[in-house]
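>>> Structure of the sequence below:
(chains A, B, C and D)
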2 protein chains.
Amino acid sequence: MPAQNRPSSSGRSLEHPDRAEIRLEGVLHALSDPMRLQIVCDLAAVEGELNCSVFDLPVSKSTTTHHFRVLRESGVVRQIYRGTAKMNALRRDDLEVLFPGLLGTVLTAAGHQASRLGAPA
Amino acid sequence: MPAQNRPSSSGRSLEHPDRAEIRLEGVLHALSDPMRLQIVCDLAAVEGELNCSVFDLPVSKSTTTHHFRVLRESGVVRQIYRGTAKMNALRRDDLEVLFPGLLGTVLTAAGHQASRLGAPA
DNA sequence: CAGTTCGTACGATAGTCATCGTAGTACGAG
DNA sequence: CTCGTACTACGATGACTATCGTACGAACTG
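Numbering: from 1, shown residues only, chains lettered A, B, ... in the order given. Predicted structure coming up:
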């Protein structure tokens, strides 16, 4: 294997949309699923990248893979392989340039709604 | 018909979700369709209420009715009958209380994207 | 009343989506 | 090389969705 083509730690690569290809409708659709919105909130909370398997979602692994793919293909997250793990990170910069403030307001709104619905006690 | 129960000009009434019933996922989903996003942008542009038929959408009347229903049931717009016309208005106040800034950032983002994609000349 | 306009309801259809289980691939450790 | 872990690919399925056409209802205009 030629050393010229050695990404960080793996030969596997994942398709990501260019910044210019990200569409608002796609992003909104990606965020309109409760499972994916939860993922995005968790990602935003840690400010870094997260392994796929740290998310404790009430669905099967296949379904989890599906949701991460939707998030990646809509341009919301960036995914890279790091050994056997696949790390996920929000594309904060790209989203901020394309849709200023959008991510923030959605995350805030999700937080408000969670307080309103989940902690009425 | 008793005079006590006479709405503005019609006996027809439409179901709307309570403010407390509006869900973020539902709103995002409603906005994730290009047709509906266009409707919301148009509504936001005029600051008032708009007749259903002033929207020049490239779909049939039945489909238009469908999209307006989705917007109404998700809590994005309020609809009232005024004679034969059905007027539509954004539920700005409710959305602002529930999800502060969200509507604004989405509309701004839609505007940016429209400029970026539609008017590159 | 008759006619027109505006919107609804219903049924149909083709497409997308969230979900699953199973089988498989990629990588690191022993 | 073998094993375990992490994630994927594939096929299936049931649910939802966007779309249409046609037929109907409600209100205004004569």
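
>>> Tell me which residues touch the closest residue to residue A:70 other than its chain neighbours, please.
Spatial nearest neighbour of residue A:70, chain neighbours left out: residue A:30 (5.5 Å); criterion: C-beta to C-beta, 6 or more residues apart in numbering or on different chains. Every C-beta, even on glycine, is put in place using the N, C-alpha and C of the backbone. Residue A:30 is in contact with A:36, A:70-71, A:74, A:76, counting by C-beta atoms under 8 Å, 6 or more residues apart in numbering or on different chains.

>>> Looking at these, spot the one nearest residue A:102.
residue A:76 (10.6 Å; C-beta to C-beta).

>>> What distance do you get for that closest one to residue A:16?
10 Å (C-beta to C-beta, to the nearest Å).

>>> what about these two, which has more around it?
residue A:76 (26 against 17; other C-beta atoms under 10 Å in any protein chain shown).

>>> Would you mind measuring from that one to DNA strand C?
Relative to DNA strand C, residue A:76 is positioned 13 Å away (C-beta to the nearest atom of the strand, to the nearest Å).

>>> for that residue, what are its contacts?
Taking C-beta under 8 Å, 6+ apart, we find residue A:76 in contact with A:27, A:30-31, A:40, A:90-91, A:95.

>>> What is the nearest of these to residue A:49?
residue A:90 (9.0 Å).

>>> so that closest one touches residue A:40, yeah?
Yes: assessed by C-beta atoms under 8 Å, residue A:90 is found in contact with residue A:40 at 6.9 Å.

>>> What score does residue A:75 have for pLDDT?
Listed pLDDT for residue A:75 reads 97.

>>> State the number of residues packed around it.
23.

>>> tell me the phi and psi of it?
Recorded main-chain torsions at residue A:75 are phi 90, psi 10, according to degrees, to the nearest 10.

>>> What residue, apart from its backbone neighbours, is nearest residue A:99 spatially?
Once flanking residues are discounted, residue A:99 sits nearest to residue B:109: 3.6 Å by C-beta to C-beta, 6+ apart.
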